[in-house]
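S.K.: The sequence and its predicted three-dimensional model are supplied below.
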Amino acid sequence: MKVRDLLTDESKWTKHVYALDAKKNPLADPLNPNAVCWCLGGAIEKCYPILAERLAIYTRITQRVKPEEVGSYVHRWNDTVGRTFAEVRALVEELDI
């Protein structure tokens, strides 16, 4: 599964937490079977369980977005004030992740 298969619409995306359950309770583990929506970092973790794969994707993201927007953390870009699902989805599609 790729991130684009998981984050199919805005109801499956969140900010400031890796994942949420159906009652919108925060979940620290994006692999939690009760998770129904994820931030970009949580979705990457769920879809790419092998650390080397995740690191390669993080590198691709940091090469694509402005360094000041992401620093060394993908969640920083995802959580930026004003960030929209459409922007996240466009990045996911562009990078084919």
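M.R.: Happy to help now that I have it.

S.K.: Lowest-scoring secondary structure element of the chain by mean pLDDT?
M.R.: helix 67-70 (a mean of 62; mean pLDDT, DSSP states H and E).

S.K.: and after that one, which helix or strand comes next?
M.R.: Downstream of helix 67-70, the next assigned helix or strand under DSSP states H and E is helix 74-78.

S.K.: show me where this protein has strands.
M.R.: Counting by DSSP state E, the chain has strands at residues 19-20, 26-27, 37-38.

S.K.: and those strands as CSV, adding mean neighbour count?
M.R.: (Glycine included, C-beta is placed from N, CA and C.) Shown next, in CSV, are those (neighbours: other CB atoms under 10 Å):
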stretch, mean neighbour count
strand 19-20, 23
strand 26-27, 16
strand 37-38, 24
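
S.K.: Figure out which of the ones you listed is closest to L55.
M.R.: Ranking the strands of the chain by proximity to L55 (CB to CB) places strand 37-38 first, at 18.3 Å.

S.K.: So what touches that closest one?
M.R.: L6, L7, S11, K12, W13, T14, Y18, A19, L20, P30, K46 (CB atoms under 8 Å, 6 or more residues apart in numbering).

S.K.: Name all residues that make contact with the closest residue to the first one other than its chain neighbours.
M.R.: In this structure, L6 finds its nearest non-sequential neighbour in A43, 5.0 Å apart by CB to CB, 6 or more residues apart in numbering. Contact criterion CB under 8 Å, 6+ apart gives V3, L6, L7, W13, P30 as the residues in contact with A43.

S.K.: between those, which is nearest R76?
M.R.: Looking across these and measuring by CB to CB, the closest to R76 is W13, at 15.7 Å.

S.K.: Show me what the closest one is bridged to.
M.R.: W38 (DSSP bridges).

S.K.: Model confidence for it, exactly?
M.R.: For W13, the pLDDT comes out at 98.

S.K.: Around D21, how many other residues sit close by?
M.R.: Neighbours of D21 under the rule other CB atoms under 10 Å: 14.

S.K.: ok, it to S11 distance?
M.R.: In this view, D21 and S11 are 13 Å apart by CB to CB, to the nearest Å.

S.K.: confidence score at the residue lying farthest from the centre of the chain?
M.R.: Distance to the chain centre peaks in the chain at K23, reaching 19.6 Å (criterion: CA atoms, centre = their mean). As predicted, K23 sits at a pLDDT of 98.
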